[in-house]
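show me the folded form of this:
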Amino acid sequence: MCVVVHSRANYGRIKTVMRAIRDHEELELVLLVGSSALLYRFGSVIDVIRGDGFEETAVVHSILEGETPTTMAKSTGLAIIELATHFENLKPDVVLTVADRFETLATAVAASYMNIPLAHTQGGEVTGSIDESVRHAITKLAHVHFPATTRAKDFLIRMGEEPEAVFLTGCPAIDLLAESDLTLPADLFERYKGVGDHLTTDRDYILVLQHPVTTEFGSGLQQIRETLNAVHEFAKEGMQVVWLWPNVDAGSDDVAKGIRSFREHNATENMHFYRNFGPEDYARLLANARCIIGNSSSGLREGAFLGTPCVNIGTRQSGRERAENVIDVPYRAAQIAEAIRTQLAHGRYRQSKLCGDGTAGIQIANILATFQFKLQKQLSYVS
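Numbering: from 1, shown residues only. The predicted structure follows:
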């Protein structure tokens, strides 16, 4: 079973599957780590993976700097080239790819054209940005599917996938929440490198994570300024702010530029900017936050399970299933700030198991051990 991890989000959403495959007596884990998971400025995720006891079989260098639509397309092509070489050498029985990123698409294309059965997690969901198109493209290349929600399973079948190849397992990221001690370690903010004011776990904090939206390339700088201005109000009032760096998608440079410029021209007391947190520590961070702000799916997925209030900004998660913990707002500082105040006043929400009950990893490994793959696909409703 060849698992390909390309980013920090990839790893958090496949870690329990990797562990279950490794521990399964009928399966062997082959691990490829590539793309932004290898880069320091995106948190050196490979070091976190190694620290968790996994050993990569190989690394895949494929990211071209620039974070533009052109470099994103070229990075996808380069990843296909590099992955094809590794697949040829390793000859895996199955390749497992995660969700809906451009690197995930590269994994799916390389495996499919090499006649290697493809397993896919988190298909059938609906969102904004280019992720929406990429996710469904991967669905049509995959041979077995592990959706996270009932609606996603239904959508996969309605897209023409064979019902017997679609298994509702939930999202493996929920496994970490269900099995972890979510108590906030006293030294959590000192464990990870970043820039900004000193934070302490003795005081309340809000969590901010905002990525670029590829289909809105060129707007990232203005979008992040609106969020910065809104969140800064709360920092000035004494609320601690934990801010995570954006991902590697096209437009990331604009978002990063906005953050750097803001720090240069404003006092940022009570604000600290981090590159990355390990999966369990991110779970603890999210579980204990007063509110998560931005456009990360973790506010809607993991946040629902934890009951963490979420202010979802813009279009990146447009159409995604959500629980009652989410307030949607446009890229407007005043409306973002108003929603944050509403969520802080409300407090925690009831737990929702929208995306699973915490058993996805074991379920997926057990299914992979026995599933009979059919390489040739066809729309299920063709007679």
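
what comes up buried for stretch 22-32?
Residues of stretch 22-32 classed as buried by neighbour count (16 or more other CB atoms under 10 Å): 22, 24, 27, 29-32. Just so you know, the C-beta spots here come from the backbone N, C-alpha and C atoms, and that holds for glycine as well.

columns secondary structure and distance to Gln222 on top of the residues you listed, output as TSV?
Output for these, formatted as TSV (DSSP: H, G, I helix; E, B strand; the rest coil; distance: CB to CB, whole Å):
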residue	secondary structure	distance to Gln222
Arg22	helix	45
His24	coil	48
Leu27	coil	48
Leu29	coil	44
Val30	strand	43
Leu31	strand	39
Leu32	strand	37
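
ok, which pair from these is furthest apart?
His24 and Leu32 (18.7 Å; CB to CB).

tell me where the model's unsure across the stretch 201-350 of the chain.
Counting by pLDDT under 70, not a single residue of the stretch 201-350 of the chain qualifies.

which parts of it are helices?
220-236, 252-265, 279-288, 302-306, 333-346 (DSSP state H, counting those that start in this stretch).

stretch 164-178 spans what distance, first to last residue?
28 Å (CA to CA, to the nearest Å).

pLDDT wise, what is Val382 at?
The per-residue pLDDT reported for Val382 equals 87.

am I right that it is in a strand?
No. Assigned with DSSP: H, G, I helix; E, B strand; the rest coil, Val382 falls outside any strand and is coil.

now do the contacts for it.
The contact partners of Val382, by CB atoms under 8 Å, 6 or more residues apart in numbering, come to Gly160.

any idea how far Gln210 is from it?
43 Å (CB to CB, to the nearest Å).

what's the answer for Ala37, then?
20 Å.

and for Thr308?
Counting by CB to CB - Thr308 and Gln210 are separated by 16 Å.

same deal with Met239?
Distance from Met239 to Gln210, by CB to CB: 17 Å.

just to check, Trp245 is in contact with Arg275?
Yes. At 5.0 Å, Trp245 and Arg275 qualify as touching, with contact defined as CB atoms under 8 Å.

between those two, what contacts are shared?
In contact with both Trp245 and Arg275: 41-43, using CB under 8 Å, 6+ apart.

now Ala365: phi and psi?
Ala365 adopts backbone torsions of phi -60, psi -40, taken as degrees, to the nearest 10.

so what's it closest to, chain neighbours aside?
Ala20 (3.6 Å; CB to CB, 6 or more residues apart in numbering).

which ones are touching the one you found?
361-362, 364-366.

can you do 10 Å?
Ala20 sits next to 1, 27, 29, 172, 175, 359-366, 368-369 when contact means CB atoms under 10 Å, 6 or more residues apart in numbering.

about what we covered before: who's more crowded, Thr308 and Gln210?
Gln210 (28 against 24; other CB atoms under 10 Å).

could you check how far that one is from Glu162?
38 Å.

thinking again about what came up before, please identify which of the helices of the stretch 201-350 of the chain is closest to Asp154.
helix 302-306 (18.7 Å).

from the contact counts, what lies against that closest one?
Helix 302-306 makes packing contacts with helix 172-179, helix 279-288, strand 292-294, strand 310-313 when contacts are defined by 3 or more CB pairs under 10 Å, 6 or more residues apart in numbering; DSSP states H and E.

list the buried residues of it.
Going by 16+ other CB under 10 Å, helix 302-306 has these buried residues: 302-306.

could you do stretch 72-87 as well?
72, 75-76, 78-80, 82-84, 86-87.

can I get these in a markdown table including pLDDT and secondary structure?
Listed next are those as a markdown table, based on pLDDT from 0 to 100; DSSP: H, G, I helix; E, B strand; the rest coil:
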| residue | pLDDT | secondary structure |
| --- | --- | --- |
| Met72 | 96 | helix |
| Ser75 | 97 | helix |
| Thr76 | 97 | helix |
| Leu78 | 98 | helix |
| Ala79 | 98 | helix |
| Ile80 | 98 | helix |
| Glu82 | 98 | helix |
| Leu83 | 98 | helix |
| Ala84 | 98 | helix |
| His86 | 98 | helix |
| Phe87 | 98 | helix |
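
which of those sits closest to Arg135?
Using CB to CB, the buried residues of stretch 72-87 come closest to Arg135 at Thr76, 14.4 Å.

what about that closest one, distance to Ala9?
17 Å.

and Leu32, by the same measure?
Taking CB to CB, one finds Leu32 at 16 Å from Ala9.
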